[in-house]
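Student: A structural model of the following input is requested.
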Amino acid sequence: MLILLSIQSNLNAQKILDKVIAKIGGELILFSEIEEQFSLVSQRQGGEIPDEARCEIVQNQIITKLILNQSRLDSIEVSDIEVEAQLDARFEQILKYMQDDESQFVAYYGQSIAETKEQFREDLKNQLLVERMQASIVADATVTPNEVKEFFGSIPKDSLPYFNSEVEVAEIVYPPKLNDEQKAIAQNKLAEIRAEIVAGGNFEELAKKHSDDPGSGQLGGDLGWQRRGTFVPEFEAAAYNLEIGEMSDLVESQFGFHLLRLEGRRGNSVNVKHILIKPEITKEDLNKAANVLDSLKNLLNIDSLSFSKAVKKFSDENEQSYSNDGFMLNPSTGNTFFEIKDLDPDVYFTLDTMEINQVSSPIEYRAPTGEVSYKIVKLISRTNPHSANLEQDYSKIRTACLEQKKGKFVNDWVLDKIDETFIEIDPSYNVCPNLQALLYNEDDLK
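Tutor: Alright, predicted model coming up:
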């Protein structure tokens, strides 16, 4: 939605009579840019904001243009291929909101996708240049343990954050193995469907009737426009090797057996329809999977096998935790700590009675795709609710300390560059005290 708001605000801003309000080196700040940002902030805050907010917006724009100007002086590069890839990704996200209906896009924005991309290509390239220059400025920012301690000591005791109980958890996810009989039944069923289509049957109607993919099945198998890298490798390889209108042979993936038909190709994106037939997972298959993990749990609890080795040997490679030594990552924070409310109830209730380093019995687990698997979990650590302290929260405090240092790096860099960069601002903004403080030192103000 932020992408949509940003584009719409920009289009509206262009209706305003424009003028240059600031020059920073070789870069310009336009009146329409400030009004666009002012409108966007107003929408985000759900109401009117004071006119003084424009002073802060102008300051942020000056800093951005200062960094952009320096990126050009330092010959920072962003390739056209990178810009196009970013443009494609962003516009495909917009189209998803519109069910891939390009006519709806034209009706909403008043111009074609190609015209809108052309309009924002330079803005996006500048944004990438600024990000790359900022990364260069803070590249050498590091913190020592003493700096972390000093940072923590500078926080007033009554301002220390309070952390709820958190746990670190590692997991091994083990999907049940398909038996050969059920795989053969699924293959034969899909082969019969393919033969019916070749004989004149309707692909879409057969997808609605037979496909085990509930999302696309009810849409006649339609998966919409998708970028390269969206599908699992076997499916993607088949999709990108088809000609438009061509139907594939049977394709096996981790989800079952697929029949694909390519509907369209647009750059690095394809529009594919498919019919999925999943082999049935029997009760016996589920029991075997649970038994494997139960035996594995016993080995782990008596230290006959390291958890790390067990992850690589038994866990599902498609799970995020597989590449993280079994550790589950909290998607909300990006670290390995979970508050109780962030865990699935089955995992929470299992952990509630466990000791540190204990491995659980098998837990039934339903993957986002709907398949049933089993997992065992190991409780790595548990904290009680507490005020922040260095012993329990060092990694979080270190991250906050490093971010503060990066901010100081950028702030110091900006103040240095302002002194050596030509900057001219429209006199109407002389009423902004923050701009005076930014652009002039104390002696200049006297």
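
Student: what about the strands in the stretch 201-350 of the chain?
Tutor: 222-227, 251-253, 256-266, 269-277, 337-339 (DSSP state E, counting those that start in this stretch).

Student: relative orientation of the fourth one and strand 222-227 in degrees?
Tutor: Interaxial angle of strand 269-277 relative to strand 222-227 (axes from the mean of the first three to the mean of the last three C-alpha atoms, to 10 degrees): 140 degrees.

Student: circling back: of all the strands of the stretch 201-350 of the chain, which one is nearest Ser381?
Tutor: Closest to Ser381 of the strands of the stretch 201-350 of the chain, according to C-beta to C-beta: strand 337-339, at 8.4 Å. Where C-beta positions appear, they are placed from N, C-alpha and C, glycine not excepted.

Student: so what strands line up beside the closest one?
Tutor: Here strand 337-339 is paired, per DSSP bridges, with strand 166-174 (antiparallel).

Student: could you point out which element follows the partner strand?
Tutor: helix 180-198 (DSSP states H and E).

Student: which other helices and strands does that next one contact?
Tutor: The contact analysis (3 or more C-beta pairs under 8 Å, 6 or more residues apart in numbering; DSSP states H and E) places helix 180-198 against helix 203-210, strand 256-266, strand 269-277.

Student: could you dump it to CSV, C-alpha only?
Tutor: Only the C-alpha atoms of helix 180-198 are listed here, as CSV (Å, rounded to 0.1, in the frame of the first residue of the first chain):
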residue,chain,number,x,y,z
ASP,A,180,5.2,-45.8,-4.0
GLU,A,181,1.6,-47.1,-4.3
GLN,A,182,0.0,-43.7,-3.6
LYS,A,183,2.6,-42.0,-5.9
ALA,A,184,1.6,-44.3,-8.8
ILE,A,185,-2.1,-43.6,-8.2
ALA,A,186,-1.5,-39.9,-8.4
GLN,A,187,0.6,-40.2,-11.5
ASN,A,188,-2.0,-42.3,-13.3
LYS,A,189,-4.8,-39.9,-12.4
LEU,A,190,-2.9,-36.9,-13.8
ALA,A,191,-2.0,-38.9,-16.9
GLU,A,192,-5.6,-39.6,-17.5
ILE,A,193,-6.5,-35.9,-17.1
ARG,A,194,-3.7,-35.0,-19.5
ALA,A,195,-5.1,-37.5,-22.1
GLU,A,196,-8.5,-36.0,-21.7
ILE,A,197,-7.2,-32.5,-22.4
VAL,A,198,-5.3,-33.6,-25.4
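
Student: the nearest residue to Tyr108 once chain neighbours are set aside and Ile113, how far apart?
Tutor: Nearest residue to Tyr108, sequence neighbours excluded (C-beta to C-beta, 6 or more residues apart in numbering): Met98, at 7.6 Å. The gap separating Met98 from Ile113 is 11 Å, by C-beta to C-beta, to the nearest Å.

Student: give me the most central residue, this structure.
Tutor: Within the chain, one residue has its C-alpha closest to the average C-alpha position: by C-alpha atoms, centre = their mean, that is Pro331, at 9.3 Å.

Student: pLDDT value on it, please?
Tutor: At Pro331, the model reports a pLDDT of 86.

Student: next one: Pro368
Tutor: 67.
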